[in-house]
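Q: next one to model:
(chains A, B, C and D)
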Protein chains: 2
Amino acid sequence: MEKSERRQQILECARDVFSKRGYHDAKIEDIVTAAGVARGTFYLYFEDKRAVFEEIVDRAFAQIGMVIVRVDPKDKGRTLGDQVRENIERIVTMLLDDQATTRILLSEAMGVDPAFDRKLRAFYEIAEKLLEESLREGQDLGVVVPGDAKMLAHLTLGALKEVLFQMVKREAGYEKVDIIDGVYRFLRQGCLRVDGS
Amino acid sequence: MEKSERRQQILECARDVFSKRGYHDAKIEDIVTAAGVARGTFYLYFEDKRAVFEEIVDRAFAQIGMVIVRVDPKDKGRTLGDQVRENIERIVTMLLDDQATTRILLSEAMGVDPAFDRKLRAFYEIAEKLLEESLREGQDLGVVVPGDAKMLAHLTLGALKEVLFQMVKREAGYEKVDIIDGVYRFLRQGCLRVDGS
DNA sequence: ATAACGCCTGACACGGCTGTCAGTTTCGTG
DNA sequence: CACGAAACTGACAGCCGTGTCAGGCGTTAT
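A: Numbers count the residues shown, from 1 in each chain, chains lettered A, B, ... in the order given. Below you'll find the model as predicted:
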């Protein structure tokens, strides 16, 4: 078996094990057993446990980064709403496509170790800033409600994250299109229809 | 020092240590050092590490349970909107009041061990079911948008959780009232004002 | 004074997991 | 086939944190 091939195989097995057991409960032994190789082989391809984990997360982040497209108000072909919706669709599609990794991102990644936590936060902060800026632009254009853009970004991301988390954690069987639709409508109109303040 | 007093003291120190370092990175040594007692003393009051952690989480859940009040459509004194808002206010107040515990609940609790994870999920499921039912009632009354009530529950809880998480994780200085307001408005009207589907 | 009690102590044994490395097998090449 | 290189193996040493327990110390009762 070729070197890069084996590496990839171990990486995938590690991903599955992390996804199932969580970072701390995943033993190197589990990974190598899943991959059908000996303990030592693992260390030929990866520095240590944390290094594999980091690579899994890094790849996932890179993919997410690729998939987000800035909304363009001047695009005459598609409405702003469509563009937003398409972003949601691309993100959801990607995450549902590799559910094991998504499970890792959304529930196991935090609490690995302090240094790793910082790294994670740095990424989230970038994503968040991007969304926040977009929202602020949207406010100037009058397509986003006024108010603290940063908080709106948190609210939005939180809602999306939770639904996806539920989707991958329990194997709750939403259809992809239902998720996209549900999230989009929630962003457009919230959920309450009460009078008052 | 009295028994119950010491117990409480160790509990609080444990909470702080867990909050700062996360469950796995928190050593018994850290806890007893913080409490200014010897290693053995800890084990006079708690079965083991996991038992303290469980107690911290249990107490927090109990408190949350106390604080949620069912919305009553027949209440003539307060509108439904006010009642929802008051629920948000009570929850937010409680969680911001003990930020260390909130930090534990929102970021360290998952991934402790498989058995504990199940327990956590059970709780969330109850909270979720409660909200889901309320939303469904609301839909019958026409004060909640139509659509999958379970998904609306996830979206709502996710948005709330994320904002609180940001609040306690970074020491981002929102005012309590801003959070309550932000969340409430998000639930009432979402954030997008675009045309189309 | 001393016994009995409650509370506390910290050195230590134990177990589990990691990362290593000397040795083995497999592969490719002349 | 024979030889070197490359890939793999798994027993093992070392580490680290846990939970224990035999004993210490102060206080109250006799």
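
Q: please make it C-alpha for all contacts and neighbour counts, starting now.
A: Will do.

Q: can you give me the end-to-end span of stretch A:97-108?
A: 18 Å (Cα to Cα, to the nearest Å).

Q: run the chain-centre distance for that stretch.
A: 7 Å (Cα atoms, centre = their mean, to the nearest Å).

Q: what lies in contact with it?
A: Contacts made with stretch A:97-108 from outside it, assessed by Cα atoms under 8 Å, 6 or more residues apart in numbering or on different chains, are listed as A:15-16, A:18-20, A:22-23, A:56-57, A:60, A:95-96, A:161, A:165, A:168-169, B:110-111.

Q: by contact count, what packs against the helix or strand hosting A:R7?
A: Secondary structure from DSSP states H and E places A:R7 in helix A:3-21. Using 3 or more Cα pairs under 8 Å, 6 or more residues apart in numbering or on different chains; DSSP states H and E as the contact test, the elements touching helix A:3-21 are helix A:28-35, helix A:49-67, helix A:99-103.

Q: is any residue of it near DNA strand D?
A: Yes - figure legend: helix A:3-21 in contact with DNA strand D (Cα under 7 Å from any atom of the strand); contacting residues A:3, A:6.

Q: list the buried residues for that helix?
A: Buried residues in helix A:3-21, defined by neighbour count with 16 or more other Cα atoms under 10 Å in any protein chain shown: A:6-7, A:10-21.

Q: burial count for the closest residue to DNA strand D within chain A?
A: Here chain A gets closest to DNA strand D at one residue, A:G40, 2.9 Å apart by Cα to the nearest atom of the strand. One way to gauge burial is a neighbour count; for A:G40, by other Cα atoms under 10 Å in any protein chain shown, it gives 9.

Q: buried ones in the helix or strand it falls within?
A: Counting by DSSP H and E, the secondary-structure element that holds A:G40 is helix A:39-45. For helix A:39-45, a neighbour-count test (16+ other Cα under 10 Å) marks A:42, A:45 as buried.

Q: show me what it is packed against.
A: By contact count (3+ Cα pairs under 8 Å, 6+ apart), the secondary structure elements abutting helix A:39-45 are helix A:28-35.

Q: got the angle for the helix it packs on vs helix A:49-67?
A: Computed by axes from the mean of the first three to the mean of the last three Cα atoms, to 10 degrees, the angle separating helix A:28-35 from helix A:49-67 equals 60 degrees.

Q: could you say what helices and strands helix A:28-35 packs with?
A: Counting by 3+ Cα pairs under 8 Å, 6+ apart, the packing neighbours recorded for helix A:28-35 are helix A:3-21, helix A:39-45.

Q: whether that helix contacts DNA strand C - can you check?
A: Yes - remark: helix A:28-35 sits within contact range of DNA strand C at A:28-29, by Cα under 7 Å from any atom of the strand.

Q: what residues sit buried inside that helix?
A: Using 16+ other Cα under 10 Å as the burial criterion, the residues of helix A:28-35 that qualify are A:28, A:30-32, A:34-35.

Q: chain center to that helix, what's the gap?
A: 25 Å.

Q: what of stretch A:38-54?
A: On Cα atoms, centre = their mean, the centre of stretch A:38-54 falls 24 Å from the chain's centre.
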